[in-house]
Structures are given as C-alpha cells and as structure tokens.
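K.L.:
Starting from these lines, generate the structure:
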Amino acid sequence: MHAKLHRVRVTETNVNYVGSLSIDRDLLEKVGLLPLEEIDVVNLNNGQRWSTYVIPGEAGSGCICPNGGAALLCQPGDVLIIYAYEERDRSEVLRDGHQARVLIADEKNRPKEFFYQTLSQRDGKIEFDSESF
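P.N.:
Below is the predicted model:
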C-alpha cells in the first residue's frame with residue numbers, strides 16, 4: 001500500500017458516468033494518488049468491495065462520488081476506505097524501506113488526521129511505524 005483515504009464519506013453517486021470514483025483533488029494530492037490510478041474501495045456500511053480507478057474531482061469540494069456500476073454499491077453518507085498499491089522490488093523495500101501516506105477524514109471529507117506508515121530496516125530487522133502529523 002502506498003496511499004489510503006480512511007473513513008471518507010460518499011457525497012453523491014452517478015450511475016450514468018462511465019466508471020471510476022471521483023475524489024476531491026486536494027485529497028488525492030495529500031496522499032499521492034494519481035488520476036487513472038487503480039484503487040480498491042471498501043464500503044464500511046454494507047461490506048461491499050470493488051476495484052476501480054481515480055478521476056479528480058473539484059479541489060476543496062470534499063467530493064467522493066462512485067460512478068457507473070459502483071454507484072449501485074453505496075449511497076450518499078456511506079463511509080469508505082480507499083487504498084492504492086505500489087509494486088516495488090522486495091529487496092529494494094528491505095534495503096531502503098517504504099512509506100505510505102494515510103489520511104483519516106472528518107464528516108465533511110476534510111483531513112482530520114494525516115500520518116505516514118513506514119517500513120524501515122534497523123539492525124537487520126524490518127520495523128513498522130506510524131508517524132502522526
């Protein structure tokens with residue numbers, strides 16, 4: 001995992017759009033998600049899970065809008081976890097470590113908490129750490 005938006009709320013759904021998930025551009029930038037990047041989504045209200053891709057929404061709007069078929073898996077107000085993976089060579093991670101960005105949102109999809117989850121090597125062992133900001 002390299003990016004995670006935790007507890008964002010669905011602001012609207014659009015079954016007539018051709019797939020994807022529209023996400024406030026500011027949230028994308030904060031965790032390092034790119035337009036068209038593949039994401040996995042979990043709906044905490046009903047347990048639905050799906051994979052799709054990112055479309056940038058209006059900056060500062062707080063928008064989280066499942067489009068196409070995903071619009072049928074949730075409704076406005078549902079709480080989602082959105083995360084993206086990054087392929088890296090295991091030996092590189094073991095040597096250089098890894099850092100993921102995590103944003104926990106408030107009820108209006110504004111950053112409530114932001115932190116890094118980090119893998120680092122210390123004395124030949126991999127350590128996991130979460131740093132809050």
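
K.L.:
Return the alpha-carbon coordinates of the helix or strand bottoming out on mean pLDDT in the chain using PDB.
P.N.:
Every helix and strand in the chain was compared by mean pLDDT, DSSP states H and E; the lowest is strand 125-132, with a mean of 80. Provided in PDB are the C-alpha atoms of strand 125-132 (Å, rounded to 0.1, in the frame of the first residue of the first chain):
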ATOM      1  CA  LYS A 125      15.200  -6.300  11.100                       C
ATOM      2  CA  ILE A 126      12.200  -4.600   9.400                       C
ATOM      3  CA  GLU A 127      10.300  -2.300  11.700                       C
ATOM      4  CA  PHE A 128       6.800  -0.900  11.200                       C
ATOM      5  CA  ASP A 129       6.000   2.600  12.500                       C
ATOM      6  CA  SER A 130       3.100   5.100  12.200                       C
ATOM      7  CA  GLU A 131       4.000   8.800  12.400                       C
ATOM      8  CA  SER A 132       1.200  11.200  13.000                       C
END
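
K.L.:
Show residues contacting that strand.
P.N.:
94, 102, 113-121 (Cβ atoms under 8 Å, 6 or more residues apart in numbering). C-betas here are computed from N, CA, C, even on glycine.

K.L.:
Over to stretch 58-73?
P.N.:
For stretch 58-73, the external contacting residues (Cβ under 8 Å, 6+ apart) are 8-15, 17-27, 41, 43, 46, 48, 50, 52, 55, 57, 74, 80, 82, 108-110.
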